[in-house]
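In: what's the 3D shape of this:
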Amino acid sequence: MTSAPELRGEDRADFDDVLHRALATTEMRTRLRRGVHTTALADWLRERVEASRAEIAANAAPEYARYLSVRADAGGASAAARPRRVPPVGRWVRARRRLLPALAVLAPLLASMAAVVFLLFGYVLEIADTASETADALVRAGWTAAVIAVLTGAAALAGLLVTALRHRSLPRPGPDRAARAAAADQARETWRRALLERGMLPFLRARLAEREQARPGRRTDRRPQRPRIGYASPDYASPDYASPGHGGPDYASPGHGGPERLSGDVPAPRADRHDAGA
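Out: Numbers count the residues shown, from 1 in each chain. Predicted coordinates:
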């Protein structure tokens, strides 16, 4: 069994991009918003991912190995075609490369115009026989500008020829090379998708679950049961409420502590106070 290939330095940017995509998913954004400090929690997750970079990348090892194989077969064409951030020095170099062709075109043109103007005014002043010193200076400046125009024009023409020869000597990408580059790009996307689904998202879910379980003050007990509000049932075991068949008083007979009833459940008439006094 071969070990998983180690993540190379040129692919760390893809790893970081997959982490950014994972944190931007709806699931992760919802779980991050549950906490109080969302930014601090995201930074904490990035630190955990950085510490476990090799472990996460190992979950997509087969796709990464195939991507490396296809990329090596394509000659790194897909890596060269990726958009990269240009550093400030690179931007200055690119600006200078754009400025040189512009100067190569403008310098001969401006020098030629200056030569024509200086020579025209210089010879006019010589013909008029006025301000001979000024006329001589203008004539000298005109011929100097003409020489500069010739030199800059020759340099621009030489640069144009060199550029044309350089582009002609470069090998043109054929159908096979384009197909290999497309295969490398497809393998790269497959690896990134596997890294996101099998490596990054499960790792983030596990870290968030561990953090929620270890959070202080987390309630683990059940909800307390509500007290039952009611009334106690009467004590039917007292002697006054014993049934007549079990040695208790007969509720139908008067004078035994129970309600006085006659046959037919008709209340017995009470004796009048005057009759009782008599």
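
In: quick one: average confidence on the host helix or strand of W143?
Out: Using DSSP states H and E, W143 falls within helix 132-169. Taken as a whole, helix 132-169 has an average pLDDT of 85.

In: Okay, buried residues for the helix or strand following that helix please.
Out: Later in the chain than helix 132-169, the nearest helix or strand by DSSP H and E is helix 175-194. By neighbour count on 16 or more other CB atoms under 10 Å, the buried set for helix 175-194 is R180, A181, A183, A184, D185, A187, R188, T190, W191, R192, A194. Quick note: C-beta positions are derived from backbone N, CA and C, even for glycine.

In: C-alpha coordinates for helix 175-194, CSV please?
Out: Taking Å, rounded to 0.1, in the frame of the first residue of the first chain, the C-alpha atoms of helix 175-194 are listed here in CSV:
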residue,chain,number,x,y,z
PRO,A,175,-4.5,19.4,-30.5
ASP,A,176,-2.7,16.9,-28.3
ARG,A,177,-1.3,19.5,-26.0
ALA,A,178,-4.6,21.3,-25.7
ALA,A,179,-6.3,18.0,-24.9
ARG,A,180,-3.7,17.2,-22.2
ALA,A,181,-4.2,20.7,-20.7
ALA,A,182,-8.0,20.2,-20.6
ALA,A,183,-7.5,16.8,-18.9
ALA,A,184,-5.2,18.4,-16.3
ASP,A,185,-7.8,21.1,-15.6
GLN,A,186,-10.5,18.4,-15.3
ALA,A,187,-8.4,16.4,-12.9
ARG,A,188,-7.7,19.5,-10.9
GLU,A,189,-11.4,20.3,-10.5
THR,A,190,-12.1,16.7,-9.5
TRP,A,191,-9.4,16.8,-6.8
ARG,A,192,-10.7,20.1,-5.5
ARG,A,193,-14.3,18.7,-5.3
ALA,A,194,-13.1,15.6,-3.5
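
In: helices or strands next to it in the packing?
Out: Under the contact criterion of 3 or more CB pairs under 8 Å, 6 or more residues apart in numbering; DSSP states H and E, helix 175-194 touches helix 12-23, helix 61-74, helix 77-81.

In: Can you lay out these as a markdown table showing distance to G199, mean pLDDT and mean neighbour count?
Out: Formatted as a markdown table, the helices and strands packed on helix 175-194 follow (distance: least, CB to CB, whole Å; pLDDT from 0 to 100; neighbours: other CB atoms under 10 Å):
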| stretch | distance to G199 | mean pLDDT | mean neighbour count |
| --- | --- | --- | --- |
| helix 12-23 | 8 | 93 | 17 |
| helix 61-74 | 10 | 90 | 18 |
| helix 77-81 | 21 | 44 | 15 |
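
In: Columns distance to L165 and pLDDT on top of the buried residues of helix 175-194, output as CSV?
Out: Formatted as CSV, the buried residues of helix 175-194 follow (distance: CB to CB, whole Å; pLDDT from 0 to 100):
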residue, distance to L165, pLDDT
R180, 28, 85
A181, 26, 86
A183, 32, 90
A184, 30, 90
D185, 31, 92
A187, 36, 93
R188, 35, 93
T190, 41, 95
W191, 40, 95
R192, 40, 95
A194, 45, 94
